[in-house]
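In: just the structure for this:
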Amino acid sequence: MDIAEPLLAAHRARFAAVDALLPPAAPPADGERLDAATTDGTQVTGVLQRQRFTPGDPPMLWSAADTWQLFPYVGDTGTEGMDLLLRALKGRLETEPTGDDSSCVVSWPSRDAEAIRAFLDHGLVPLGALGVRRAAPAEPEPATVRRAGPADFAAALELATATFDYTGLVAAPRRANTAELLAPALRDALAEPEPPVWLAEYGGAIRAMAHCAWVESTPGNAANELLPAGRWGYVNNVVTAPGERGGGHGRALMARVHQELRRGGATGTYLYYNPTNPLSSVFWHRQGYRPLWTTWEVRPASALR
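Out: Next comes the predicted model:
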């Protein structure tokens, strides 16, 4: 199937920008064509393929019996373009009945946060991933890690807010008053005699921040419903500045933070992360964390089935 050359070029450029490890995007395969246009008139296209399997087919081990797979070509239109194609797919599926053993499938670069926002909004959940491993990169020059103080409030708040700029794409939608909601707790933490906030600096600039806290888990309190008894270090918000991710600043920062929390008598450390976040889900597993509790949620509530 042919699509407009500018769209294919933009599609390939998007893949290259999202993840340097991706191969060049393939041209469209044969299938049913779905078209849409963004508010500024940019054309986006999807190719829809349907596969049916019988009980004796090996793909039934991992696939629904009736699978509708969408191959999107959205160029640089981000969340809007993907949303439009998923709406077109939904409209197409409404034209004929689908059984219980059916599915809609999209395979897409894991690090494309803008696309993740559209997938979540349309009820898709990540059930599988292709993982890769390459030789370990050379260790970067170490960043300087220090405790933050009241004078760092503005820079720390900017970094803290950047966390939600990103998670607003890959998890819960971002709130317009994010900075206002974050500011009081951050200001209080920075005012403590030994602020549980650390900064990683490199080249004279702040590259990453870890905002932590101490939590006592004792019989009968709320923390003890989730954690064994003890003094726990809560890793609340860890963020590397946009454009600096992948440079080792987060690793250097957390090596120091874990050391300081152990020195302070931590039984262990805990945190919350989004499994749909392609950065933090990998980072924290590398840091030695494993899931203990998982929160399952559907939005809006009326979508529960």
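In: quick check, pLDDT for the nearest residue to Asn224 once chain neighbours are set aside.
Out: The shortest distance from Asn224 to any non-neighbouring residue, by CB to CB, 6 or more residues apart in numbering, is to Ser217 (4.7 Å). Backbone N, C-alpha and C define where each C-beta goes, glycine included. What the model reports for Ser217 is a pLDDT of 95.
In: Asp165 now?
Out: Reported pLDDT for Asp165: 94.
In: ok, the one 5 residues further on next?
Out: Taken from the predicted model, the pLDDT recorded for Val170 is 92.
In: residues touching it, list them.
Out: Shown in contact with Val170 (CB atoms under 8 Å, 6 or more residues apart in numbering): 113, 116-117, 120, 274, 276-278.
In: thinking again about what came up before, so the residue nearest to Asn224 touches Ala266, yeah?
Out: No: Ser217 is not in contact with Ala266 according to CB atoms under 8 Å; the separation is 11.2 Å.
In: next, show the common contact partners of those two.
Out: With CB under 8 Å, 6+ apart, Ser217 and Ala266 have common neighbours 230-232.
In: in strands, which of these fall?
Out: 230-232 (DSSP state E).
In: the residue nearest to Asn224 bridge partners, please.
Out: Gly230 (DSSP bridges).
In: got a list of what it touches?
Out: 223-224, 226-232, 267.
In: state the pair within those that is farthest apart.
Out: For those, the maximum inter-member distance is 14.6 Å, found between Leu226 and Arg231 (CB to CB).
In: more neighbours: the two, which one.
Out: Arg231 (15 against 12; other CB atoms under 10 Å).
In: how far away is that one from Thr269?
Out: Using CB to CB, to the nearest Å, we find Arg231 at a distance of 11 Å from Thr269.
In: returning to what we had before: pipe the contacts of Val170 into TSV and attach secondary structure per row.
Out: Formatted as TSV, the contacts of Val170 follow (DSSP: H, G, I helix; E, B strand; the rest coil):
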residue	secondary structure
Ala113	helix
Ile116	helix
Arg117	helix
Leu120	helix
Asn274	coil
Thr276	coil
Asn277	coil
Pro278	coil
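In: quick one: which of the residues you listed is most hemmed in?
Out: Neighbour-wise, those (other CB under 10 Å) top out at Ile116, 24 neighbours.
In: strands of the stretch 51-200 of the chain, residue ranges please.
Out: 66-73, 102-105, 144-147, 197-202 (DSSP state E, counting those that start in this stretch).
In: looking at these, which is nearest to Thr79?
Out: Among the strands of the stretch 51-200 of the chain, the nearest to Thr79 by CB to CB is strand 66-73 (11.9 Å).
In: can you pull the buried residues of that closest one?
Out: 67-73 (16 or more other CB atoms under 10 Å).
In: let me know the closest of the residues you listed to Thr178.
Out: Pro72 (29.0 Å).
In: hmm, that closest one is touching Thr79, no?
Out: No: between Pro72 and Thr79 there is no contact under CB under 8 Å: 11.9 Å.
In: separation between the residue located most distally from the centre of the chain and Arg92?
Out: When each C-alpha in the chain is compared with the mean C-alpha position (CA atoms, centre = their mean), Gly56 comes out farthest, at 36.7 Å. Computed as CB to CB, the Gly56 to Arg92 distance reads 28 Å.
In: cool, Ala303 as well?
Out: Relative to Arg92, and taking CB to CB, Ala303 is found at 20 Å.
In: got it, and Asp165?
Out: For Asp165 relative to Arg92 (CB to CB), the value is 33 Å.
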